[in-house]
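Participant: no sequence on this one, just coordinates:
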């Protein structure tokens, strides 16, 4: 017998458990060097010189071990899942995490903070402000280096947690009133969650100590703003102009278009593990790809051209281009992987197979994630994840739609190739804008440019059910109703008035007791 080389699990649950155990084992024995690496060739020279390369140290490893232990606790996960499902109807996600005691964040270790800022617990600085401190776990790392710790938080449950840990909680609108000057202000994973990020950066700059004050800012990349508090549509009032598809491109845009105009000079930047996991949702990318192929590419094909290489929805730079071209459906029920020939009962399991067995077939170099333009393509509307109600339509704000429309026109300009004539450029721009951007108004936002797969499937089901109902009514009328409720059935039943003959009985048989008037004749 040879060495055991693999395992095949038929049931989806068994495969999911096995893949989870295998991935956990891989992460447990890995130092995750790829979390901290960047492509320095894509960065400007001055910015590349400010990059600090960190590695996974012991404190980071301990945090990952704690996360693994918590994820392996079945009863804890069941409780938190039930609690999230119930409490999410009444409060925000951050508040839910505060109530159930989860959602702690980790940026970098204490030793890495110390080397990054040149801090020392012996010579403490005076004031620290942590904006959006959450449960205070990241703030705890900085406590030994400052005499006074101030925090702010929007979530009431998180405010209660911070107060219980002894932090001085400031009002979210009063920390920048000038009464306190801060040596360091940390703003970690907040800019993509606040309503006015530009104003916040300006307030941070004014509140810092002149000459020596420093701001520590962590931004999740790819940048996808989502306002959690005091917002109906979750769209920020102030929009940060961050462009680019890769991590390096967005970092460059963040520095040149956001930090420098706000008056900041970038001293150093790094890639912490919390920001390095760049996930690209395959399903949402597939929706964008569908719109591009069905609505936009025909216009480019009419001019014998393709979207420019800088286009955010360029099909030649699609992250999943190779994998998507190596899948097909056979007999309407089997999804086949053309890399290895395996078949699956649904596209979902085939996508999981790509992630587990063929991760090297994902385009990483100079690729784009189509999910990044989902705001312009209205992925949630097209997929059916968002359906309008009365208040969505009545409370629609045209200014918000105009902002998305302007973003859409910028995307269109980036995608129109530069080698076309003026007339062709105008024609292609107008057609693309009409097919993509014209829906970004309050009156047309909820319209779907084509029938989705689900709607087509439901339409087919409705047609089949209608035909079956009509056939059933016809059968009922011609067979049951016509037979039982008309003269057909009554004509088949004949009436014979002739009385039936009785069974002959001997009148004076000793076996029969003749009764007269209810009295035995023998007793008379």
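Facilitator: Alright, I've got the coordinates. These numbers come from a predicted model, not from an experiment.

Participant: where in this structure is pLDDT low?
Facilitator: 1-20, 22-24, 26-27, 32-34, 103, 245, 273-279, 364-365, 450-461, 478-524 (pLDDT under 70).

Participant: quick check: domain ranges of it?
Facilitator: 39-276, 282-317+366-450, 321-362, 454-483 (automatic domain parsing).

Participant: now render the ones you listed as JSON lines, adding distance to residue 31 and mean neighbour count.
Facilitator: The way it works is simple: take the backbone N, C-alpha and C, and place the C-beta from them, glycine included. Output for those, formatted as JSON lines (distance: least, Cβ to Cβ, whole Å; neighbours: other Cβ atoms under 10 Å):
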{"stretch": "domain 39-276", "distance to residue 31": "5", "mean neighbour count": "16"}
{"stretch": "domain 282-317+366-450", "distance to residue 31": "25", "mean neighbour count": "16"}
{"stretch": "domain 321-362", "distance to residue 31": "18", "mean neighbour count": "14"}
{"stretch": "domain 454-483", "distance to residue 31": "44", "mean neighbour count": "11"}
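
Participant: of these, which is nearest residue 29?
Facilitator: domain 39-276 (11.2 Å; Cβ to Cβ).

Participant: ok so, going back, turn the domains of the chain into a markdown table, columns for distance to residue 30.
Facilitator: Output for those, formatted as a markdown table (distance: least, Cβ to Cβ, whole Å):
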| stretch | distance to residue 30 |
| --- | --- |
| domain 39-276 | 9 |
| domain 282-317+366-450 | 23 |
| domain 321-362 | 14 |
| domain 454-483 | 39 |
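
Participant: wait, which of those is closest to residue 28?
Facilitator: Among the domains of the chain, if distance is taken as Cβ to Cβ, the winner is domain 39-276, at 7.0 Å.

Participant: rewinding a little: so which of the domains of the chain comes closest to residue 21?
Facilitator: Comparing the domains of the chain by Cβ to Cβ, domain 39-276 comes nearest, at 10.1 Å.

Participant: could you tell me which residues make contact with residue 291?
Facilitator: For residue 291, the contacting residues are 377, 382, 436, 449, by Cβ atoms under 8 Å, 6 or more residues apart in numbering.

Participant: excluding residues flanking it in the chain, which one is nearest the first one?
Facilitator: This means residue 377. Closest residue in space to residue 377, ignoring its immediate chain neighbours: residue 288 at 5.0 Å, by Cβ to Cβ, 6 or more residues apart in numbering.

Participant: and residue 336, that's in a strand?
Facilitator: Yes - under DSSP: H, G, I helix; E, B strand; the rest coil, residue 336 falls within a strand.

Participant: not counting sequence-adjacent ones, nearest residue to it?
Facilitator: Going by Cβ to Cβ, 6+ apart, residue 336 has residue 343 as its nearest residue, at 5.0 Å.

Participant: show me where the chain has strands.
Facilitator: Using DSSP state E, the strands found in the chain span residues 125-131, 146-152, 168-169, 184-188, 214-218, 327-330, 334-337, 343-344, 515-516, 519-520.

Participant: with distance to residue 258 added, can I get those in CSV?
Facilitator: Listed next are the strands of the chain as CSV, based on distance: least, Cβ to Cβ, whole Å:
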stretch, distance to residue 258
strand 125-131, 16
strand 146-152, 21
strand 168-169, 28
strand 184-188, 12
strand 214-218, 10
strand 327-330, 39
strand 334-337, 42
strand 343-344, 43
strand 515-516, 115
strand 519-520, 118
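
Participant: go through those and name the closest to residue 367.
Facilitator: Closest to residue 367 of the strands of the chain is strand 327-330 (Cβ to Cβ; 17.9 Å).

Participant: now residue 395, nearest residue through space, not along the chain?
Facilitator: Residue 395 sits nearest to residue 232 (Cβ to Cβ, 6+ apart), 6.1 Å away.

Participant: distance of that neighbour from residue 391?
Facilitator: To residue 391, residue 232 is 8 Å away according to Cβ to Cβ, to the nearest Å.

Participant: likewise for residue 400?
Facilitator: Distance from residue 400 to residue 391, by Cβ to Cβ: 15 Å.

Participant: so where do the helices sit in the stretch 151-300 of the chain?
Facilitator: Under the criterion DSSP state H, counting those that start in this stretch, the stretch 151-300 of the chain contains helices at 156-164, 197-207, 247-254, 273-276, 282-291, 297-302.

Participant: turn the ones you listed into CSV, including distance to residue 82.
Facilitator: Output for those, formatted as CSV (distance: least, Cβ to Cβ, whole Å):
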stretch, distance to residue 82
helix 156-164, 17
helix 197-207, 34
helix 247-254, 36
helix 273-276, 27
helix 282-291, 26
helix 297-302, 46
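
Participant: quick one, which of those helices is nearest to residue 149?
Facilitator: Across the helices of the stretch 151-300 of the chain, closest to residue 149 is helix 156-164 (Cβ to Cβ), at 9.8 Å.

Participant: which other helices and strands contact that closest one?
Facilitator: helix 93-100, strand 168-169 (3 or more Cβ pairs under 8 Å, 6 or more residues apart in numbering; DSSP states H and E).

Participant: contacts only, for residue 435.
Facilitator: Counting by Cβ under 8 Å, 6+ apart, residue 435 touches 295, 296, 299, 449.

Participant: distance check, it against residue 251.
Facilitator: 32 Å.

Participant: so what's residue 222 up against?
Facilitator: 247, 250, 278, 369, 372.

Participant: need phi/psi at it.
Facilitator: phi -70, psi 140 (degrees, to the nearest 10).
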